[in-house]
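Asks: coords please:
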Amino acid sequence: MTEATTRRALAGLALAAAPAGMAAAQPAPLQFGVMPNVSARILLGQYQPFRSFLEQELGRPVEVVTAPGLSAFQERSVAGAFGLVVTAANLGRVAQLDAGLTPIAIYEPRIPGTIVTLRERPLTAAAELRGTTIAMTNPQSLVALKFIHWARAQGVQIGRDAQATHARNEDSLAQLLNTAETRAAVMSQGEFNAIRQDIRENLVVWQVFIRVPGFLVLLAARTPEADAARITAALGRFPGSAQGREFFAATGFNGIRPVTPADLAELDDVVEETRAFLRGA
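Replies: Numbers count the residues shown, from 1 in each chain. Just a heads-up that it's a prediction; the model follows:
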């Protein structure tokens, strides 16, 4: 055996003995960032079928991750911490405009925005909100921002004619209705449904005042074209898969479709307000 042959043989033995990860580099996990609209425990459980499907379709590990709150999640999204992002439509639009994320899909159905009162103190007209307090969970939410616009169209200026107060969660939001000054609560239908049954039975939805766009799905800025094509194609196949049906059953969503310019334009009237809330103004 010549010296050159010996060197090649030894190199082959070393490669065979090396860990698999050294023989062929494994693709880095796709960081799938999901807005913390529910607790991390619930969220990670709900998104398990989605994660599994993407791993199969993309041939790479996928990690579902979130953040302690919406502001922190938005900061991480625009900083490029996530390769794929699911977030509220208005936050996604801001991330697109300010940081170059690319919207590729939107959840269905649209999200009903509701005005809720105590069953024993129903409203009969928007004018009755004057001089009262209106409870909300998250002032950055698309439902809350659209409510401010809706109230203004009814002649009620929030901050002047009526005040807003914020609660930690859905149950606390409902409890605020027991105070004399709080006349109504603004929440999504999902938030209303999440209220404990013993509390919810004392409430009534006075009006569904709007149905806002569902969550946006976005790709990180500067995603390689080939990766973007693979992820977009996988999202298109997801609703028809067994994992997609499992995901929809667990979350109440019923579809994920390509986003359109009209979807995005519908969000433009709350972009500046969303930016202001994110700045803490």
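Asks: Test my guess that Pro27 contacts Pro61.
Replies: Yes - with contact defined as Cβ atoms under 8 Å, Pro27 counts as touching Pro61 (7.4 Å). (Glycine included, C-beta is placed from N, CA and C.)
Asks: Comparing those two, which shows the higher neighbour count?
Replies: Taking neighbours as other Cβ atoms under 10 Å, Pro27 and Pro61 compare with Pro61 leading, 14 against 10.
Asks: so how far is Phe73 from that one?
Replies: With distances taken as Cβ to Cβ, to the nearest Å, Pro61 is found 21 Å from Phe73.
Asks: swap in Ala79?
Replies: Here Ala79 is placed at a distance of 11 Å from Phe73 (Cβ to Cβ).
Asks: neighbour-wise, which of these two wins?
Replies: Using other Cβ under 10 Å, the more surrounded residue of Ala79 and Phe73 is Phe73, with 24 against 11.
Asks: helix or strand right after the strand or helix carrying the more buried one?
Replies: Using DSSP states H and E, Phe73 maps to helix 70-78. Counting by DSSP H and E, the element after helix 70-78 in chain order, helix or strand, is strand 84-87.
Asks: Show me what that next one is packed up against.
Replies: Judged by 3 or more Cβ pairs under 8 Å, 6 or more residues apart in numbering; DSSP states H and E, strand 84-87 is in contact with strand 30-34, helix 70-78, helix 89-99, strand 216-219.
Asks: make it 7 Å
Replies: Contact analysis of strand 84-87 by 3 or more Cβ pairs under 7 Å, 6 or more residues apart in numbering; DSSP states H and E lists strand 30-34, strand 216-219 as its packing neighbours.
Asks: Sheet-wise, list the partners of that strand with their directions.
Replies: Strand 84-87 sits in its sheet next to strand 30-34 (parallel), strand 216-219 (antiparallel), going by DSSP bridges.
Asks: What segments of this structure are strands?
Replies: For the chain, the strands defined by DSSP state E occupy 30-34, 62-65, 84-87, 102-108, 111-118, 133-136, 163-166, 182-188, 203-212, 216-219, 255-258.
Asks: Include mean pLDDT when you put these into TSV, please.
Replies: Below are the strands of the chain laid out as TSV (pLDDT from 0 to 100):
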stretch	mean pLDDT
strand 30-34	97
strand 62-65	97
strand 84-87	98
strand 102-108	98
strand 111-118	95
strand 133-136	93
strand 163-166	91
strand 182-188	93
strand 203-212	96
strand 216-219	98
strand 255-258	97
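Asks: could you redo these as TSV and give each row distance to Ser172 and mean neighbour count?
Replies: Output for the strands of the chain, formatted as TSV (distance: least, Cβ to Cβ, whole Å; neighbours: other Cβ atoms under 10 Å):
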stretch	distance to Ser172	mean neighbour count
strand 30-34	23	21
strand 62-65	27	18
strand 84-87	23	26
strand 102-108	26	20
strand 111-118	13	22
strand 133-136	9	22
strand 163-166	9	14
strand 182-188	10	25
strand 203-212	13	16
strand 216-219	27	25
strand 255-258	31	16
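Asks: picking that back up, the strands paired with strand 84-87 into TSV, with extra columns for distance to Arg110?
Replies: Shown next, in TSV, are those (distance: least, Cβ to Cβ, whole Å):
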stretch	distance to Arg110
strand 30-34	19
strand 216-219	13
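Asks: which one of these lies closest to Asn90?
Replies: Comparison of the strands paired with strand 84-87 against Asn90 by Cβ to Cβ identifies strand 216-219 as nearest, at 8.9 Å.
Asks: quick one: contacts of the closest one?
Replies: For strand 216-219, contacts defined as Cβ atoms under 7 Å, 6 or more residues apart in numbering pick out 84-87, 89, 92, 95-96, 101-106, 228, 231, 235, 256, 259.
Asks: thinking again about what came up before, quick one, which of the strands paired with strand 84-87 is nearest to Pro49?
Replies: Between the strands paired with strand 84-87, strand 30-34 lies closest to Pro49; by Cβ to Cβ that is 12.3 Å.
Asks: what angle do that closest one and helix 70-78 make?
Replies: Angle, strand 30-34 to helix 70-78, by axes from the mean of the first three to the mean of the last three Cα atoms, to 10 degrees: 150 degrees.
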